[in-house]
Structures are given as C-alpha cells and as structure tokens.
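Colleague: kindly generate the corresponding structure for this input.
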Amino acid sequence: MNRPHALVPVALIASALAFGASAPPFLAEPPTAPDPDTTLRHWAHAWAGEQGPLFDEALALAGMEHRDFRFDPLVLAVWGGDRYRLPLFDLLHREPWHASNYGREQAANARRSAPSVHDLMFLAEDSVGVRCRDNFYAGFLGECAKAVEADGPLALARAIAALGPASGSAAGALPSADAIASDPAYAAVPPEIASSAALILRAIADAERFRRMALLEPLGRAGIDPAWAERRAYDECFWREADDDDANLGGDAKFGEARRMLATERMLDAIDFPLLARGANLVALAVDEAVRRMAASDRAAVYDFAVATPLGRVRLCGAGAHEHGGDGAHLLLAIDGAGDDRWFGGAASSDFDRHAIGVAIDLAGDDRYETTSFESWRVRNEEGPRGKEEGFRQEQPDEHRPAFGAGRMGYGILVDAGGDDTYLAPIAALGCGLLGHGALLDLGGDDRYRSDTGAQGSGTFGTGTLADLGGDDEYRAYHKGMGYGGTKGAGVLVDLGGDDAYLAETDRVKYSWFDDFGTQLNMTQGFGYGRRADMDDGHSWAGGVGMLVDGGRGDDHYRCGIYGIGCAYWYALGLMHDDGGDDRYESDSYSIASPPHFAVGIVIDEAGDDIWRSRGSRGCGFGRDFALGWFEECGGDDIYLCNDSAFGVGNNNGLGVCWDKAGDDLWCVKSNSFGQPYVESEGTRRDFPINCGLFIDAAGNDRYLQLPPDADTWRLDPGIVVGTPFPFIGNGLRHSWRRHIAQPGSTGGALDAE
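Modeller: Predicted structure coming up:
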C-alpha cells in the first residue's frame, strides 16, 4: 500500500527556500506535457525499428491496416479449438506481430539458460505453462547444502543410507552410514566428489517422492495401470499407421485406437504436471551445483566406489578408461572423473517403479555414449532396405531403452564436462521427456549426435533439452528431434558455438505421410506437433513447442525433408533462431517457417550471407489453414532458391510473412510467390476469412528470377543461376495482389524498398 505524503510545515518550506535550497518536488513547476508528435512511436517500432513504416506500405498494398492482419477468434471458433492448447500458442496465433520479439526473446533466454541444466529445463517447462521454481529466492538447494556440510565425511554415506536397504543387506534392514563409510573405496573418493554426490542423492530422494505424488498415486486413483502409461508415453517416439492423417483403420482396430485415445486423455488429466516438474527441477539444481563444485577436482585421482540401492546403482570413479551401463543394471548416479570412457546406458529412466531416475556426470575425456541397440539399428538402417519396404519405417520398442538424458515417467540428466564426444542412441535419448523430463548438457568439444526418433531435445507429455556449449558439432536424426515438442511437451536444442550441422536424414525415406514414401517426414529442427483427429474420431490434441537455437555465429548447415526448420502442425509452435554466420538451409515442403493447419512457425536468422533452398513447395514464410509462417532475415547477401508458394504467402486462410532487412539478395522461384495469396476454396465460407501474404525486402541491390520448371533447387549452383526477371517485382518495385484474387478475404502485398 502506498503511504500518503506527510504534511510539511510551511515554516520549514520557507526556511529551505530562504537558504537557497531547491523547492520540494511537489512544489516544483509541473513538467510541460510532451509533444505527441515527437514521443509516440510507430506501432511496429519495438520490433521493426526504422523499417516499421515498410509494413504499413506492404499492408496498404494489400488493402489492410496492421490491426487487420490477424486471425479473428470468433472465426476460429467456428472450426473449433483443441484440447491442451498452450497460452503461448494463442498469444502468437492471435497477435502475429509478437512473433519477431518473441522469437528473439526466447532465443536469448535459451542461450542464457544453456549452461544450466535447471534453467534450460525451466524454460522448456515454462513454454508449456508449467511454472515451478525452487531457486527463485533460496530454499531447497541451500537446505541440502547445509545438511551435506553438517554431515561432513559421512554426508555421502548418509545420503545413500537414506535411500533404503543396500544390496546384500538383511530384508527390511537399513544399512548404517557407518557401514557404508567403512568400505575402503569410500574413503578414497575426493571430498568434493563425495559431497557433490551427496547433494544429488538428497535431491533424488525428494524428487522421487514428488514423482510418486505426481504420477503413480494419481494414476492409481484413476484406475490406470502405470505400466500401460509407461508404454503409452514411449509410443510417442514412434510413428504408427494410426498416426497418419488419412489412416483408415479397419475391423476392430478403429475401436482399439479410440479406447487408447480415451485412456490417454484420462491419464493426462490425472497427472499433476507441476509436481512432476518440481521433482525434475530439484535434481537439476543439485546437478548444476555439483558440476560447479567438481570443476576444480583432481582429474588424476584414482578411485572407484560403487554401491547398490533400491533406486539403482551409485558409482563414483576417477582417472582411467571406464565402462558404464553394460551389464544392464540401472544407474541411479554415476560420476566419472577423467578418461576416455564407454557408456552403454545410464542417465535415464529404466522403469516406472523404482528405477525412474538416472543421473550421470562425466568430467573429462573423449567419451563414447552408445546404447546396446545402436549397432543393430545402424546395420538395419544403413545396410538394410532403402525404403518403401514393409516394416522398414517402424522400430520395435522392446529393442530399445531410454538413455543419456531421458526421462520416461521419471527424470534423466547427463552432463559431459569436456572432450570430443560421440552420442549414438536411436530412440528416446539425448534430451528426451515422455511423462517426465530429460536433459543433456555438453560443455564443449567437437561432438557427434546420432539418433532415429524422439531424441536430441524432444518432449511429449514432458520436456527434453539438449545444450552444447561449444565446438563444431554434428546432429543427425530421422524424426521427432533436434527441438521437437508434442502434446503437453517441449523440446529444446541449443548450441552456443562452432560451425554446426543439423542434418535430418532425407536420403533414406523411413517415415513418410501423404506422399507415399516419396519424401522424408522429419518433424525436426524447431518443430511442434499435435494430434489431428477432425477427420477421424474428433479427439484432437494441441501440439507443443519445439525450439532450435544456434549461437556463436558459426557457418552452419541445416537440412530436412517435410516439416522442419521453425515449423509446426496442429495448434503447435516451432521456432528456429540462428544468430549469424554464412549458413546453408535445405528443406522440402512445409519447412522454413511454413506451417499448415492452425500452427505457428518462426524462423529468424540474424546475419551472414546465407543460402536458402526449398526443394518442394512452401518455404520462407508460408501459412496454410489458419497458420502463421514468420520468416525474418536480418542481414547479408542472401540467395533464395525455391519452387513455389514461397516468400510470404497465405494459403486457405493462412498468414505468411517474408522480411529480408538488408543485403544484395538473389530471389529465385518458379511461381506463386512474393506475397501472392493461394486459394483452394470456390464459393465456400473459406472465401471470407483473412488469407494474406506480405513480402518485404527492405534494402540492397536485389535480383528476382523466375526459374525454369525443370530446375532442381537443391542442386542449382548459386553462382550461375539462370532465369527470367519477374515483371511485377524487382529492385524498388511494389505489387498489390488485392485485385488478382476473386475471394474477398484473400490479398497480399510485395515491395522492394530500393
């Protein structure tokens, strides 16, 4: 409550004035009212700066004002809304002008949060509306640290004993801390390693209680078998026949799928997602603090201490080359001090009951993380069928186990503090959350990541994060990865430095959809996805948030087939942000900020001489069916090579924006682009709602060429592109599409400012 000003005696005021003191503020001359003409800023100034008026001009060409460029909520309501919609999606879907600021803000937050497992995990949780922080003021971590300090040399032993009976103890008997500490291997563990492990184990004990309160107890009350829920969550990594939009299941299969869907909704409605997140955050806070404490530990120290607990094995080892996870035993906590190590598992959930938490920290060395199923997967996918053959695209869930930063009905955290590392894990790995939370943090080195699906920053019904803080890195995956967010989930991939490659597999078509195995269905590199069922059982689910953020201004390479690079599908959000460098982008249809069907896709590249290639239709700012595609290129001499429906196009009541701020650019496309609206309705209610595209090239000496019909945009040499200049767009030209389309809701504008 604001207190009223105390009354000041007149004598004191007079005395102050007599001695030359300044008059009190409340007696001072009131300030002159500001001149509105000099203080009011343009409506787009906050995100467009001096280029804001160009949007007025482009909108005027389309016969619109900025308030018109949005989806009307009442019109959207005619088509219905979807279950589990995110407030963040609604904000950007209904107010497209927030896309630029949001994209930058989220990218900046992701880069700032990347060095902390907890902070990046919280950012992912926050993006899906789960806000739970134990470190906002103080609290949990401080209390744990005090307890560990008070316990002194027995801190680790007491933290282990608190987890329950150890292997080999009498049934029901609790091992004493003194008994654990009497092991000679225990005494050899350096104090900073022991205290760090104790801190993490204390967090795990609390997190396990929260996990049971959030998951197992509510599922029990709802009459849902946790084993079924675990399998159901794992299914989200895989692509099934029933997932196809046009699937027509025969016989009893359609009824089985309907029952499965209804049971999933009961499951999601029963689970307490904030409490589930809180357990993950407690462990993440402890891991961050432990990594900080162990940064200066003696890498040459030799020790190897291991003990079994009801929640899994605890192993702490020092210098030397070690192997972890090869025997299949669940690793609750593993800390490896130094050496070139082999990891076959760990840092993941193994089962929903007692082995749902796994933490691994490797402090140094060129390490190899390879699941036991990887080699058979590699042979099958590299040396087996080339695609289209029966069964090629489906992996069998029983062949694979979550690993290396994967939380399936639990929590998995992996931190690698240095070295050139290799990560080989096909399914549910490398930052994956499925009814749980998974995180991978790599602090540096030239690393290689390879997966199939549900990996490298992938979250459905939970969150998955992957952060790599430096080095020239390579990411390879087929499907649902590199920043993928499914229903009630978020996936975030952040790389802070180096010349990186994000390569979604396109040559071997393993996952396909509407084109019968013609093109890979990737869903990668900042992609959000939801379950569309308006053509089936009517139980659609809104998608989540997928983010890929690259930093360090390296020269990066991005490649994907259908669905990728800042894109989304069905009430979902996808974001890709690159902060600079001479980058190469290659994509197929519905990629590079070109989402279909009630979605938002954002791509922002801050600087560099970039090459943008789209082999199929729809790229660089295309929106279809109440979707927004926002494409923003901020500088450099860029080259664009696309087929059609590119560069700011609205299709079937969509919104598309393509904005290049500076540079001498080359724009090459075959047809139907540069703000041109694209319609498929003829005399239906689709004729009336907004369908609009905006194209703006704000500066530079630019060229616009129409490619021949047989041109292959993925293989054209950018230095010798041959084409015919477009008559309606060129350096300094403007074009309005308002009168070219019969449907009253369709329009568009294109301008080149110089």
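
Colleague: end-to-end on stretch 454-463?
Modeller: End-to-end span of stretch 454-463 (C-alpha to C-alpha, to the nearest Å): 11 Å.

Colleague: apologies, that question was intended for stretch 403-422.
Modeller: Termini of stretch 403-422 sit 14 Å apart (C-alpha to C-alpha).

Colleague: any idea how far it is from the middle of the chain?
Modeller: 16 Å (C-alpha atoms, centre = their mean, to the nearest Å).

Colleague: now do the buried residues in that stretch.
Modeller: 403-421 (16 or more other C-beta atoms under 10 Å). Yep, even glycine has a C-beta here, placed from its N, CA and C like the rest.

Colleague: stretch 120-138 now?
Modeller: Buried residues in stretch 120-138 (16+ other C-beta under 10 Å): 120-130, 132-135.

Colleague: show me the strands in the stretch 251-400 of the chain, by range?
Modeller: Residue ranges of the strands in the stretch 251-400 of the chain, as given by DSSP state E, counting those that start in this stretch, are 304-309, 312-317, 323-324, 331-336, 342-343, 357-362, 368-370.

Colleague: average pLDDT across the third one?
Modeller: For strand 323-324, the mean pLDDT works out to 97.

Colleague: can you pull the contacts of Ser116?
Modeller: Ala284, Asp288 (C-beta atoms under 8 Å, 6 or more residues apart in numbering).

Colleague: so what does it look like in phi/psi?
Modeller: Backbone torsions of Ser116, given as degrees, to the nearest 10, read phi -120, psi 120.

Colleague: doesn't Trp228 lie inside a helix?
Modeller: Yes - checked against DSSP: H, G, I helix; E, B strand; the rest coil, Trp228 lies within a helix.

Colleague: that one and Gly365, how far apart?
Modeller: Computed as C-beta to C-beta, to the nearest Å, the Trp228 to Gly365 distance reads 40 Å.

Colleague: if we can go back for a sec, just the buried residues of stretch 403-422: which are in strands?
Modeller: For the buried residues of stretch 403-422, membership in strands holds for Ala406, Gly407, Arg408, Tyr411, Gly412, Ile413, Leu414, Val415, Asp416, with DSSP state E as the criterion.

Colleague: looking at Trp228 and Gly365, which is more packed in?
Modeller: Comparing Trp228 with Gly365 by other C-beta atoms under 10 Å, the one with more neighbours is Gly365, at 24 against 15.

Colleague: about what we covered before: packed most tightly, which of the strands of the stretch 251-400 of the chain would that be?
Modeller: Greatest average neighbour count among the strands of the stretch 251-400 of the chain goes to strand 357-362 (a mean of 30), per mean count of other C-beta atoms under 10 Å.

Colleague: circling back: pick the one among the buried residues of stretch 120-138 closest to Arg232.
Modeller: Nearest to Arg232 out of these is Val128 (C-beta to C-beta; 18.6 Å).

Colleague: correct me, but that closest one touches Thr487?
Modeller: No - between Val128 and Thr487 there is no contact under C-beta atoms under 8 Å: 9.5 Å.

Colleague: what is in contact with the two at once?
Modeller: Gly544.

Colleague: low-confidence ranges in the stretch 401-550 of the chain?
Modeller: 514-517 (pLDDT under 70).

Colleague: residues near Glu682, how many?
Modeller: 9.

Colleague: so for it, what pLDDT did the model give?
Modeller: pLDDT, Glu682: 82.

Colleague: that one: what secondary structure?
Modeller: Quick answer, by three-state DSSP: Glu682 is coil.

Colleague: that one and Trp47: what is the separation?
Modeller: 37 Å.

Colleague: quick revisit: now, the buried residues of stretch 120-138 that are in strands?
Modeller: Among those, no member lies in strands (by DSSP E).

Colleague: ok, so of those residues, who is nearest Cys642?
Modeller: Ser127 (29.8 Å).

Colleague: low-confidence ranges in the stretch 101-250 of the chain?
Modeller: For the stretch 101-250 of the chain (pLDDT under 70), the answer is 136-138, 165-174, 241-248.

Colleague: does Ala114 touch Ala467 like I think?
Modeller: Yes - applying C-beta under 8 Å as the test, Ala114 and Ala467 come out as touching, 4.0 Å apart.

Colleague: which of the two has more neighbours?
Modeller: Ala467 (28 against 24).

Colleague: tabulate the strands of the stretch 251-400 of the chain (TSV), appending distance to Gly675.
Modeller: As requested, the strands of the stretch 251-400 of the chain are exported to TSV (distance: least, C-beta to C-beta, whole Å):
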stretch	distance to Gly675
strand 304-309	63
strand 312-317	58
strand 323-324	56
strand 331-336	55
strand 342-343	51
strand 357-362	51
strand 368-370	47
